[in-house]
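Colleague: task: produce atomic coordinates for the following.
(chains A, B, C and D)
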2 protein chains.
Amino acid sequence: MAAMTQSFHDRAETIVRRTGARVTRQRVEVLAVLLAARSALTHREVESRVNGGAGMDRVTVYRVLEWLTAHSLAHRIAGEDRVWRFNAADEAHAQRHAHFKCNDCGEVICLDKSAAARSIPLPSGYRSQEIELTVKGLCAGCVPTRAGRHRPQGHAQHRH
Amino acid sequence: MAAMTQSFHDRAETIVRRTGARVTRQRVEVLAVLLAARSALTHREVESRVNGGAGMDRVTVYRVLEWLTAHSLAHRIAGEDRVWRFNAADEAHAQRHAHFKCNDCGEVICLDKSAAARSIPLPSGYRSQEIELTVKGLCAGCVPTRAGRHRPQGHAQHRH
DNA sequence: GCTCTAATGCAACACGGTTGCGAGAGCGCG
DNA sequence: CGCGCTCTCGCAACCGTGTTGCATTAGAGC
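Modeller: You can find the predicted model right below:
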């Protein structure tokens, strides 16, 4: 685990260095935390995990996350609880994708939304730029037709 | 305009009365404001429009909106700016709600998503229960193509 | 009108997020 | 290696949204 942490730390440092800006301990550590996380983190989660759990100033965490976002090293997503979550930027999820979230087991998968994107009627004069689409329902494993179904453990949280 | 306001007021009073609960001035006025609005309103917008612009206690607005939502007379939308928006519930909004949000002025309107809802391909065995769909872009008033366009009033987007 | 109770208004709080500013650290340069 | 410029950090104070507790007010049945 220490080795993995070290590896994330090194990767983070390399990434920060590539921007040409100052390589500070805070930037490297926050990015390392994001790289190590498999799901999006709130600023609080980042704050508590950073620096080996020793924490860091709230405002610095905010500003570092803002800086990472501005440099496209992290993504900011808005959850249903109106709290921002961040994850390390990843080319695969950069642009358009829709999600399916199972209401029972919590599984999140990606959908092709290109079909839907084309068929949404907008009022005249309106211009579409991005589309956010989440379908909620039951996944194949949770559809109640089959008896004896139950909620699987440790639902892999999807990273944006 | 006064006539329209009166009409919304009367409709609101009728709707509130039908619930069997107390018909208070605050409930009627808040609902009338929602009925008169063509887009979803933040609690602040409701607060400033209610009572002929004279305002009303913040907490009361929150509680009335909560009450309206609980009685299915209004609909609550979670925006990405951490602000709830409300609109009067009519049959069209009861179940399937898609939204368009202007990236410039912040206006939120409702869309018919029935077409889109049917065209989203799910993996076999998956069952759709709800769909959350938000299209973002520019509304007719904010599309920069036409010269002399400017941001409409009344949707002053709060930038934190 | 009278009364009972739900609803309002006020104050104070909780919490996410932001801003101002002095102190400290990164990094280029001699 | 040390100097110094400037960017960044950390602290404190702030802002806005949303919530809670409690005394007062006002619907609505009688």
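
Colleague: would A:Cys142 count as being in a helix?
Modeller: No: counting by DSSP: H, G, I helix; E, B strand; the rest coil, A:Cys142 is not found in a helix; it is coil.

Colleague: my guess is it contacts A:Lys136. True?
Modeller: No: contact criterion C-beta atoms under 8 Å: A:Cys142 and A:Lys136 do not qualify, at 11.7 Å. Quick note: C-beta positions are derived from backbone N, CA and C, even for glycine.

Colleague: what's the closest non-adjacent residue to A:Ala37?
Modeller: Spatial nearest neighbour of A:Ala37, chain neighbours left out: A:Asn87 (6.6 Å); criterion: C-beta to C-beta, 6 or more residues apart in numbering or on different chains.

Colleague: report how many residues lie close to the one you found.
Modeller: Per other C-beta atoms under 10 Å in any protein chain shown, the neighbour tally for A:Asn87 reads 19.

Colleague: let me see the confidence value for it.
Modeller: For A:Asn87, the pLDDT comes out at 84.

Colleague: helices or strands up against the helix or strand where A:Ala12 lies?
Modeller: In the assignment (DSSP states H and E), A:Ala12 maps to helix A:2-18. Helix A:2-18 sits against helix A:25-36, with contacts defined as 3 or more C-beta pairs under 8 Å, 6 or more residues apart in numbering or on different chains; DSSP states H and E.

Colleague: who touches the following helix or strand past the helix it packs on?
Modeller: Remark: after helix A:25-36, the chain's next helix or strand is strand A:41-42, criterion DSSP H and E. For strand A:41-42, the external contacting residues (C-beta atoms under 8 Å, 6 or more residues apart in numbering or on different chains) are A:Val33, A:Leu34, A:Arg49, A:Val83, A:Trp84, A:Arg85, A:Phe86, A:Asn87.

Colleague: partner strands of strand A:41-42, parallel or antiparallel?
Modeller: Counting by DSSP bridges, the strands paired with strand A:41-42 are strand A:84-88 (antiparallel).

Colleague: helix A:2-18 and the partner strand, what's the angle between them?
Modeller: 90 degrees (axes from the mean of the first three to the mean of the last three C-alpha atoms, to 10 degrees).

Colleague: check whether strand A:84-88 comes near DNA strand D.
Modeller: No: using C-beta under 7 Å from any atom of the strand, we find that strand A:84-88 stays clear of DNA strand D, coming within 13.2 Å at best.

Colleague: what's in contact with that strand?
Modeller: A:31, A:34-35, A:37, A:39-43, A:46, A:65, A:68-69, A:73-79, A:159-160.

Colleague: neighbours of A:Arg22, how many?
Modeller: 8.

Colleague: separation between it and A:Trp67?
Modeller: 10 Å (C-beta to C-beta, to the nearest Å).

Colleague: report the buried residues of stretch A:38-53.
Modeller: Neighbour counts over stretch A:38-53 (16 or more other C-beta atoms under 10 Å in any protein chain shown) mark A:Ala40, A:Leu41, A:His43, A:Glu45, A:Val46, A:Glu47, A:Ser48, A:Arg49, A:Val50 as buried.

Colleague: is the first one in contact with A:Val83, as I believe?
Modeller: I take that to be A:Ala40. No: A:Ala40 is not in contact with A:Val83 according to C-beta under 8 Å; the separation is 10.2 Å.

Colleague: sorry, back to before: by neighbour count, which of the contacts of strand A:41-42 wins?
Modeller: For these, the largest neighbour count, defined by other C-beta under 10 Å, is 27 neighbours, found at A:Phe86.

Colleague: show me what it is bridged to.
Modeller: A:Leu41, A:Arg76.

Colleague: and which of the buried residues of stretch A:38-53 is nearest to chain B?
Modeller: Checking those against chain B by C-beta to the nearest C-beta gives A:His43 as the nearest, at 12.7 Å.

Colleague: for that closest one, what are its contacts?
Modeller: If you count contacts by C-beta under 8 Å, 6+ apart, A:His43 has them with A:Arg58, A:Val61, A:Tyr62, A:Leu65, A:Trp84, A:Phe86.

Colleague: helix, strand, or coil at the third one?
Modeller: This points to A:Tyr62. Judged by three-state DSSP, the three-state class of A:Tyr62 is helix.

Colleague: how about it, what does it touch?
Modeller: A:His43.

Colleague: so between A:Cys142 and A:Lys136, which is more surrounded?
Modeller: The neighbour comparison of A:Cys142 against A:Lys136 (other C-beta under 10 Å) goes to A:Cys142, with 21 against 14.
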